[in-house]
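> the amino acid sequence is not available; the structure is as follows:
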């Protein structure tokens with residue numbers, strides 16, 4: 001198949017390109033990028049942005065184990081609608097992705113679905129129990145080639161164990177990512193500890209629960225020389241810790257979620273469990289610091305922490321409901337509407353930056369001859385309203401229901417094949 005994406009604004013952070021140009025796709029690869037190209041089928045992209053497909057470092061696909069909440073197929077379909085061509089599936093499945101067998105199963109499910117490349121995240125500890133290291137080396141040399149490890153949802157509390165995990169990962173240049181939350185400070189908490197929690201009578205989790213663990217993990221990364229990735233940064237002081245660590249040369253990267261950029265603990269005042277998330281929504285000052293840190297590069301990328309839950313699980317009393325929000329289909333719109341980033345930086349934090357962190361060759365650009373045609377085309381000015389019932393996810397727990405966002409995906413292409421075309425699933429659904 002030969003397709004010419006004609007006359008779009010090509011934003012390719014990996015190549016430093018931002019210009020009006022054509023992109024020619026032949027088969028599964030880019031055949032050329034520039035002006036005056038010809039193709040068998042021409043798609044007018046005037047007024048649209050053509051960019052590397054987005055990459056999500058932090059996705060919960062729930063399969064195996066909780067297929068009532070999401071499957072690899074439904075989750076990657078949602079990813080494609082959001083412009084993602086690669087997602088990293090977190091390890092808190094059932095069984096836990098703590099062995100070569102499970103990570104290979106998840107990767108195979110992704111290949112079978114065909115909507116996005118799925119890169120499993122391996123567990124740091126067996127069963128996510130924080131007691132004994134998982135076979136990280138075995139997962140790294142498996143067919144899934146795992147180089148990213150996390151017990152996400154559960155913080156590795158033991159500093160000695162975390163040190164050994166970093167030392168182990170360093171032998172194959174792996175990345176260790178920790179859910180930073182001190183158990184002693186966070187125990188029994190359901191939202192950010194502050195003025196709102198005091199007025200609502202809900203036990204809170206102080207920002208220091210995150211800050212303490214991030215400070216410890218940065219110190220361990222400095223000690224071991226390992227690569228540390230800080231998951232879902234939520235607090236202003238954490239941003240400053242990361243900024244200082246980078247200045248010192250510590251090998252640390254960081255992500256922020258769309259919801260932590262935008263939402264605050266004030267949204268909890270209605271006791272709606274859709275706004276319950278871990279780490280919790282914090283203050284406006286924290287959200288402001290997160291946006292500033294993303295703009296100046298202290299925070300490297302946006303990751304969705306897409307966390308689907310069935311309605312019967314999420315719609316409970318606030319203190320009983322599980323944490324988590326949907327984000328794959330709304331990430332672009334939230335970033336363009338609320339982050340304050342210019343278009344090149346917005347594309348970078350969603351595509352080339354996360355691809356670079358995980359080392360995903362073929363994703364995140366550059367858009368050049370011979371490169372896999374993993375692309376997204378979006379309208380940066382399109383306004384749309386979030387409708388949970390129209391989502392591809394099996395769950396509906398989006399905090400942005402009914403909100404108007406700016407910026408919507410028109411086409412997504414995975415190795416030259418449309419997964420989304422003209423805003424609809426390429427298989428005719430949606």
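The structure has been received and is ready for your questions. None of these values were measured; they are calculated from a predicted model. Numbering: from 1, shown residues only.
> three-state assignment of the closest residue to residue 298 other than its chain neighbours?
Closest residue to residue 298 apart from its sequence neighbours, by CB to CB, 6 or more residues apart in numbering: residue 243 at 4.5 Å. C-beta coordinates here come from the backbone N, C-alpha and C atoms, glycine included. With DSSP: H, G, I helix; E, B strand; the rest coil as the basis, residue 243 sits in helix.
> any buried residues in stretch 385-404, and which?
Under the neighbour-count criterion of 16 or more other CB atoms under 10 Å, stretch 385-404 has 386, 388, 391-401, 403 buried.
> before we move on, what about stretch 334-354?
Quick answer for stretch 334-354 (16+ other CB under 10 Å): 334-339, 341, 343-354.
> repeat that for stretch 265-281.
Quick answer for stretch 265-281 (16+ other CB under 10 Å): 265, 267-268, 273-281.
> what do you get for stretch 199-212?
Result for stretch 199-212 [16+ other CB under 10 Å]: buried residues 200, 202, 204-212.
> out of the residues you listed, list just those in strands.
204-205 (DSSP state E).
> quick check, nearest of the buried residues of stretch 199-212 to residue 129?
Of all these, residue 129 sits closest to residue 209, with 19.9 Å by CB to CB.
> the closest one contacts residue 181, correct?
Yes - here residue 209 reaches residue 181: they are 5.1 Å apart, a contact under CB atoms under 8 Å.
> got the end-to-end distance for stretch 303-310?
Start-to-end span of stretch 303-310 (CA to CA, to the nearest Å) is 22 Å.
> what does it contact?
By CB atoms under 8 Å, 6 or more residues apart in numbering, the residues outside stretch 303-310 that reach it are 56-60, 62, 68-70, 75, 78-79, 82, 231-232, 255-259, 277, 322-328, 331, 354, 393-395, 397.
> next one: stretch 162-176
The contact list for stretch 162-176 (CB under 8 Å, 6+ apart) reads 124-125, 133, 136-137, 140, 146-150, 156, 178, 216-217, 220-221, 223-229, 253, 357-358.
> do the same with stretch 68-79
So stretch 68-79 is in contact with 56, 59-63, 87, 89, 106, 109-110, 112-116, 118, 306, 308-310, 313, 326, 328-329, 391-395, 425, 430, going by CB under 8 Å, 6+ apart.
> got the phi/psi numbers for the residue nearest the centre of the chain?
Taking CA atoms, centre = their mean, the centroid of the chain lies closest to residue 303, which sits 2.5 Å from it. The phi and psi values for residue 303, taken as degrees, to the nearest 10, are phi -130, psi 140.
> which stretches of the stretch 201-350 of the chain form helices?
In the stretch 201-350 of the chain, the helices defined using DSSP state H, counting those that start in this stretch lie at 208-224, 236-247, 258-262, 284-296, 311-314, 331-338, 343-350.
> could those go into a markdown table alongside distance to residue 421 and mean pLDDT?
Putting the helices of the stretch 201-350 of the chain into a markdown table (distance: least, CB to CB, whole Å; pLDDT from 0 to 100) gives the following:
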| stretch | distance to residue 421 | mean pLDDT |
| --- | --- | --- |
| helix 208-224 | 41 | 98 |
| helix 236-247 | 39 | 98 |
| helix 258-262 | 24 | 98 |
| helix 284-296 | 30 | 98 |
| helix 311-314 | 30 | 96 |
| helix 331-338 | 17 | 98 |
| helix 343-350 | 20 | 98 |
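> let's have those in TSV, adding distance to residue 9.
Formatted as TSV, the helices of the stretch 201-350 of the chain follow (distance: least, CB to CB, whole Å):
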stretch	distance to residue 9
helix 208-224	37
helix 236-247	30
helix 258-262	22
helix 284-296	21
helix 311-314	38
helix 331-338	14
helix 343-350	8
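> of all these, which one is nearest residue 13?
Residue 13 sits nearest to helix 343-350 of all the helices of the stretch 201-350 of the chain, at 4.0 Å, using CB to CB.
> got the angle for that closest one vs helix 284-296?
100 degrees (axes from the mean of the first three to the mean of the last three CA atoms, to 10 degrees).
> list the helices and strands helix 343-350 packs on?
strand 2-12, strand 49-52, strand 301-302, helix 331-338 (3 or more CB pairs under 8 Å, 6 or more residues apart in numbering; DSSP states H and E).
> of all the buried residues of stretch 385-404, which two lie farthest apart?
Going by CB to CB, the pair spanning those furthest: 394 and 403, at 21.1 Å.
> correct me, but residue 233 touches residue 290?
Yes - with contact defined as CB under 8 Å, residue 233 reaches residue 290; the gap is 6.4 Å.
> can you redo the buried residues of stretch 385-404 as CSV with distance to residue 5 and pLDDT?
Listed next are the buried residues of stretch 385-404 as CSV, based on distance: CB to CB, whole Å; pLDDT from 0 to 100:
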residue, distance to residue 5, pLDDT
386, 27, 98
388, 31, 97
391, 26, 98
392, 23, 98
393, 28, 98
394, 31, 98
395, 33, 98
396, 33, 98
397, 34, 98
398, 30, 98
399, 33, 98
400, 29, 98
401, 32, 98
403, 29, 98
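> just those now: which is nearest residue 15?
Taking CB to CB as the measure, residue 15 lies nearest residue 392 of the buried residues of stretch 385-404, at 30.8 Å.
> which of the three states applies to that closest one?
Assignment for residue 392 (three-state DSSP): coil.
> can you pull the contacts of it?
Counting by CB under 8 Å, 6+ apart, residue 392 has contacts 74, 77-78, 81, 329, 425, 430.
> for residue 111, grab the count of nearby residues.
A count of nearby residues for residue 111, using other CB atoms under 10 Å, gives 10.
> next one: the one 4 residues further on
Applying other CB under 10 Å, we find 27 other residues in the vicinity of residue 115.
> that one sits in which helix or strand?
Using DSSP states H and E, residue 115 falls within no helix or strand.
> correct me if wrong: it contacts residue 419.
Yes - contact criterion CB under 8 Å: residue 115 and residue 419 qualify, at 5.1 Å.
> nearest residue to residue 364 other than its sequence neighbours?
Residue 364's closest residue in space is residue 355 (CB to CB, 6+ apart), at 2.6 Å.
> kind regards, and thank you for your time.
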